[in-house]
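J.: my questions concern the predicted model and sequence given below.
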Amino acid sequence: MITGVTGILEARGPDWVQVKVGGSVSLQVFVPSTTIEDLGDPGDEVHLHTRLYIRDDEVVLYGFSTPEALHLFQMLNSVTGVGPRTALALLSSLGHQSLAIALATGDLATLTRAPGVGKKTAGRLVLELKGKLEKELAEVSTPVVVGNNDGDIISALMALGYSAAESRRVVASLGSVGQLSLEEKIRRALQQLAGGS
């Protein structure tokens, strides 16, 4: 099993990169478009967390800039009828953090924005993964002293890789959002963290 690749970025396409490893071997690695943006320019050293898939006569390597994105990719592939290409499309369209929130909150409208994902597939993803993601969010949550359900928001953000300080800061900056659902509060927090409105 190839669990990681470190080397020099040689080329990149819309959903792949070519990485030269050990000075003599170049590997094509399929990656989400969000990962391509994080890797830098050709000539830079890169590291990808990878998963190798062997199908009939095809061997394909998929790569991600974080272990969390790789983990979500593997979870998506555990769903019946969802292959690596669909999982990659979901991660490219939404990014791993927004995708995890959409799955955990059952946001079908967001999931169906990914190419090739209809309501039926989105529903299956939520049905099979929502509980698993909620459990993971609960396992990594840390007790925090805050009002209302702010602790849930902070825990969700920390589960997605944000620091406790970042999470607390963005929750404090949300202002008066007491009437909003937990899902909407998390969505607004993610927008602020991503530099959105």
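T.: Perfect, thanks for sending it. Because the structure is predicted, anything quoted here is derived from the model rather than measured. Residues are numbered from 1 along each chain as shown.
J.: could you give the mean pLDDT of stretch 2-17?
T.: Averaging pLDDT along stretch 2-17 yields 93.
J.: what's the end-to-end length of it?
T.: End-to-end distance for stretch 2-17: 16 Å, by CA to CA, to the nearest Å.
J.: that one: which residues count as buried?
T.: For stretch 2-17, the buried set under the neighbour-count rule, 16 or more other CB atoms under 10 Å, comprises Val5, Gly7, Leu9, Arg12, Asp15, Trp16, Val17. Where C-beta positions appear, they are placed from N, C-alpha and C, glycine not excepted.
J.: quick check, the third one in contact with Asp44.
T.: Put plainly, it is Leu9. Yes - here Leu9 lies in contact with Asp44, judged by CB atoms under 8 Å, at a distance of 5.3 Å.
J.: what stretches of the chain score poorly on pLDDT?
T.: Counting by pLDDT under 70, the ranges of the chain that qualify are 134, 136-149, 176-178, 196-197.
J.: how's it carved up into domains?
T.: What automatic domain parsing lists as the domains of the chain is 4-64, 67-136, 141-193.
J.: buried deepest among those, which one?
T.: Greatest average neighbour count among the domains of the chain goes to domain 67-136 (a mean of 18), per mean count of other CB atoms under 10 Å.
J.: so how far is it off the chain centroid?
T.: On the basis of CA atoms, centre = their mean, to the nearest Å, domain 67-136 sits 9 Å off its chain's mean C-alpha point.
J.: before we move on, what about stretch 57-77?
T.: Mean-position distance between stretch 57-77 and its chain equals 10 Å (CA atoms, centre = their mean).
J.: tell me the first helix or strand C-terminal of the lengthiest strand in the chain.
T.: Counting residues, the longest strand in the chain under DSSP state E turns out to be strand 45-55. Where DSSP states H and E defines the elements, the next helix or strand beyond strand 45-55 is strand 58-64.
J.: now the residue sitting furthest away from the middle of the chain: how far from Val31?
T.: In the chain, counting by CA atoms, centre = their mean, Ser24 sits farthest out from the average C-alpha position, at 31.3 Å. Distance, Ser24 to Val31, by CB to CB, to the nearest Å: 22 Å.
J.: then Leu111?
T.: Distance, Leu111 to Val31, using CB to CB: 20 Å.
J.: okay, helices next: where are they in this structure?
T.: 33-38, 67-77, 84-105, 108-111, 119-140, 150-159, 164-173, 182-193 (DSSP state H).
J.: the ones you listed into JSON lines, with extra columns for distance to Val59?
T.: Putting the helices of the chain into JSON lines (distance: least, CB to CB, whole Å) gives the following:
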{"stretch": "helix 33-38", "distance to Val59": "20"}
{"stretch": "helix 67-77", "distance to Val59": "16"}
{"stretch": "helix 84-105", "distance to Val59": "12"}
{"stretch": "helix 108-111", "distance to Val59": "29"}
{"stretch": "helix 119-140", "distance to Val59": "26"}
{"stretch": "helix 150-159", "distance to Val59": "33"}
{"stretch": "helix 164-173", "distance to Val59": "39"}
{"stretch": "helix 182-193", "distance to Val59": "35"}
